[in-house]
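Enquirer: Just the structure for this:
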Amino acid sequence: MSVPADAPILTADAMRAAEAACVAAGTPLSELMERAGAAVADTAWRMSAGAPILILCGPGNNGGDGYVAARRLAERGARVRVASSADPATDLARAARAAWTGPVEAIDAALAAAPLIVDALFGVGLSRPIADRLAAVLRHLSGRVLAVDVPSGIDSDGGADWMPPLAADVTLALGALKPAHVLLPTAPSCGRVQLAPIGIAAAGVMRTLPRGRLRTPDAAAHKFSRGMLLVRAGPMRGAAGLAAAAALRAGAGYVILGGSDDAPLSAIITEGDERFRERLNDPRVDSVVIGPGFPPGEQLLFDVRAALDSGKPLVIDAAAIDAALPRLCGTPRQVILTPHEGEFARAFPHTHGSKIDRARAAAALAQAVVVYKGADTIIAAPDGRVAAAWPGNPWLATAGTGDVLAGACGAMLARGSDAFDAAVAAVGWHNARAAHIGPGLVADDLIRD
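Expert: Below you'll find the model as predicted:
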């Protein structure tokens with residue numbers, strides 16, 4: 001399961017708008033279909049390695065892409081069969097069907113499979129699950145599957161949890177990725193996602209995560225120029241210790257752990273509770289992390305208010321999110337919130353739609369960057385920007401890794417990054433560290449050499 005790095009993501013409506021803009025600029029839809037079909041044919045040719053190919057075509061333009069691919073594959077000498085679920089229902093699909101000179105089978109219970117199956121049945125824009133009869137036929141097919149745009153039977157915008165009856169080994173995204181490629185529960189059914197540029201300007205505010213690269217300090221760097229971070233320790237001090245150590249590993253030059261005398265690394269400065277407010281007024285402190293290991297209560301409310309009043313860039317985690325929201329909403333700040341699923345549901349109970357929709361709504365409400373954690377982590381900014389971090393590393397599903405991520409976010413903020421860019425860099429660093437360590441990691445591994 002993988003997706004291209006730093007790739008555009010478009011909803012069905014945004015994709016239609018991008019196609020319309022392309023047509024307005026002088027490229028007819030028939031040419032876009034020809035490009036899409038050619039890309040499908042190229043991918044199917046490589047995947048089949050000379051074996052027979054079965055192309056399943058639906059009534060819409062996704063089916064039209066399939067007919068174009070069949071024609072192009074046959075011209076190369078591939079052994080191709082075409083089966084349709086219904087007659088073409090659009091002018092483009094009818095023209096593509098007419099250009100295919102081979103036979104067309106019916107998709108029914110007697111349909112024989114092939115080593116490679118190309119799913120060009122429905123694609124983007126499906127508004128309901130596939131009919132039971134067709135789904136039953138598809139479930140009985142066996143062979144490797146190449147899906148055109150999205151596996152048929154899922155909501156490409158990721159707002160519904162329908163599952164495709166024919167999961168893909170490879171999905172070829174045409175022009176741009178779609179939300180379903182990067183969100184649970186549908187992303188695993190897409191297999192390995194490849195992007196086929198077909199001449200559509202897919203620039204937008206949603207993208208996949210870029211490859212994680214830790215910015216190298218310049219030759220004149222020193223500990224203060226690399227960023228000074230203050231981490232507030234709560235009663236469960238190990239969590240804040242993980243955050244503080246992660247900040248150093250992620251590039252901060254100087255880290256203070258306030259409210260603890262137990263530092264996991266010798267380079268971390270520890271201070272008592274009484275100095276926390278004083279440190280908030282220290283002009284050398286570039287960012288603050290609060291929340292890891294800090295349960296709800298009067299002390300947390302007091303410290304969160306002090307941190308907000310300081311005007312410092314903040315990373316707010318766990319129970320501190322609920323404490324901060326009443327004073328945060330409506331006031332733009334350099335703030336990153338890092339909720340997991342339960343914390344998000346508690347803090348933002350009235351958001352709806354896909355995980356992307358909910359993260360964007362929460363970011364707009366809080367006027368803060370939201371890192372909505374999980375296997376399909378979504379990073380959303382108040383201005384609508386989104387970065388999707390699918391696939392995550394399943395070994396990160398263990399205690400303390402969220403504290404490490406909070407510390408990494410704090411380091412990136414302390415180094416001067418915009419809150420959204422800081423969160424994107426931190427999530428990339430987090431995933432890269434986990435990939436380097438591999439199976440069996442625990443949170444402490446992420447802060448070691």
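
Enquirer: the helices in the chain, which residues?
Expert: Remark: helices assigned in the chain by DSSP state H are 12-24, 29-48, 61-75, 91-99, 132-139, 237-249, 276-280, 298-310, 319-328, 341-347, 355-366, 401-414, 419-437.

Enquirer: Show me what the third one is in contact with.
Expert: It refers to helix 61-75. Helix 61-75 is contacted by residues 29, 33-34, 36-38, 40-41, 44-45, 53, 55-58, 80, 82, 84-85, 88, 90, 92-93, 95-97, 99-102, 118, 120-124, 148-149, 152, 174 when judged by Cβ atoms under 8 Å, 6 or more residues apart in numbering. For the C-beta atoms, the positions are set from N, CA and C on the backbone; glycine is no exception.

Enquirer: now the fifth one
Expert: Judged by Cβ under 8 Å, 6+ apart, the contacts made with helix 132-139 from elsewhere in the structure are L56, S85, I107, D108, A109, L111, P129, I130, S152, G153, P165, L166.

Enquirer: one step back: narrow the contacts of helix 61-75 to just the buried residues.
Expert: 29, 33-34, 36-38, 40-41, 44-45, 53, 55-58, 80, 82, 84-85, 88, 92-93, 96-97, 100, 118, 120-124, 148-149, 152, 174 (16 or more other Cβ atoms under 10 Å).

Enquirer: circling back to that earlier point, which of the contacts of helix 132-139 fall within strands?
Expert: Judged by DSSP state E, the contacts of helix 132-139 include L56 as members of strands.

Enquirer: Buried deepest among the helices of the chain, which one?
Expert: helix 401-414 (a mean of 31; mean count of other Cβ atoms under 10 Å).

Enquirer: Could you name the helices and strands sitting against it?
Expert: If you count contacts as 3 or more Cβ pairs under 8 Å, 6 or more residues apart in numbering; DSSP states H and E, helix 401-414 packs onto strand 228-232, helix 237-249, strand 287-290, strand 314-317, strand 335-338, helix 419-437.

Enquirer: quick one: which of these is nearest N393?
Expert: helix 419-437 (3.9 Å; Cβ to Cβ).

Enquirer: Which other helices and strands does the closest one contact?
Expert: Counting by 3+ Cβ pairs under 8 Å, 6+ apart, helix 419-437 packs on strand 335-338, strand 369-372, strand 378-380, strand 386-388, helix 401-414.

Enquirer: tell me, what residue is most central in this protein?
Expert: A388 (1.9 Å; Cα atoms, centre = their mean).

Enquirer: R277 and R305 touch, don't they?
Expert: No: between R277 and R305 there is no contact under Cβ atoms under 8 Å: 10.4 Å.

Enquirer: hmm, back to that, of all the helices and strands packed on helix 419-437, which lies closest to S354?
Expert: strand 378-380 (9.0 Å).

Enquirer: what's that closest one in contact with?
Expert: 183, 209, 355-356, 359-360, 362-363, 369-372, 386-389, 420, 423-424, 427.

Enquirer: let's see 6 Å
Expert: Outside strand 378-380, the residues that touch it by Cβ atoms under 6 Å, 6 or more residues apart in numbering are 355-356, 359-360, 363, 370-372, 386-388, 423-424.

Enquirer: Let me know the average pLDDT across that strand.
Expert: In this model, strand 378-380 has a mean pLDDT of 98.

Enquirer: now do stretch 106-125
Expert: The model assigns stretch 106-125 a mean pLDDT of 93.

Enquirer: C-alpha coordinates for that stretch, CSV please?
Expert: The C-alpha trace of stretch 106-125 is given here as CSV (Å, rounded to 0.1, in the frame of the first residue of the first chain):
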residue,chain,number,x,y,z
ALA,A,106,-21.8,-9.5,-20.7
ILE,A,107,-20.8,-9.3,-17.0
ASP,A,108,-22.7,-12.2,-15.5
ALA,A,109,-22.2,-15.3,-13.4
ALA,A,110,-20.6,-17.1,-16.3
LEU,A,111,-17.9,-14.5,-16.9
ALA,A,112,-14.4,-16.1,-17.0
ALA,A,113,-11.6,-14.3,-15.2
ALA,A,114,-8.1,-13.5,-16.5
PRO,A,115,-4.7,-13.2,-14.9
LEU,A,116,-5.1,-9.4,-15.1
ILE,A,117,-8.5,-7.7,-14.6
VAL,A,118,-8.8,-4.0,-15.5
ASP,A,119,-11.7,-2.4,-13.5
ALA,A,120,-13.1,0.5,-15.6
LEU,A,121,-16.7,0.1,-14.3
PHE,A,122,-17.6,3.2,-12.4
GLY,A,123,-14.6,5.2,-11.0
VAL,A,124,-15.1,8.7,-9.6
GLY,A,125,-18.4,10.1,-8.6
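
Enquirer: Any idea how far it is from the middle of the chain?
Expert: 28 Å (Cα atoms, centre = their mean, to the nearest Å).

Enquirer: Same check on stretch 61-71?
Expert: Worked out by Cα atoms, centre = their mean, stretch 61-71 lies 29 Å from the chain centre.

Enquirer: C-alpha coordinates for it, PDB please?
Expert: Extracted C-alpha coordinates of stretch 61-71, given in PDB (Å, rounded to 0.1, in the frame of the first residue of the first chain):
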ATOM      1  CA  ASN A  61     -16.600   7.800 -19.000                       C
ATOM      2  CA  ASN A  62     -14.600   5.400 -16.800                       C
ATOM      3  CA  GLY A  63     -15.900   2.600 -19.100                       C
ATOM      4  CA  GLY A  64     -14.900   4.800 -22.000                       C
ATOM      5  CA  ASP A  65     -11.300   4.800 -20.600                       C
ATOM      6  CA  GLY A  66     -11.500   1.100 -20.600                       C
ATOM      7  CA  TYR A  67     -12.600   0.800 -24.200                       C
ATOM      8  CA  VAL A  68      -9.700   3.100 -25.300                       C
ATOM      9  CA  ALA A  69      -7.300   0.900 -23.300                       C
ATOM     10  CA  ALA A  70      -8.600  -2.200 -24.900                       C
ATOM     11  CA  ARG A  71      -8.100  -0.800 -28.400                       C
END
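
Enquirer: where does the chain dip in pLDDT?
Expert: Within the chain, no stretch has pLDDT under 70.

Enquirer: switch the cut-off to 80
Expert: 1, 110, 125, 203-204, 212-215, 220, 329-332, 449 (pLDDT under 80).
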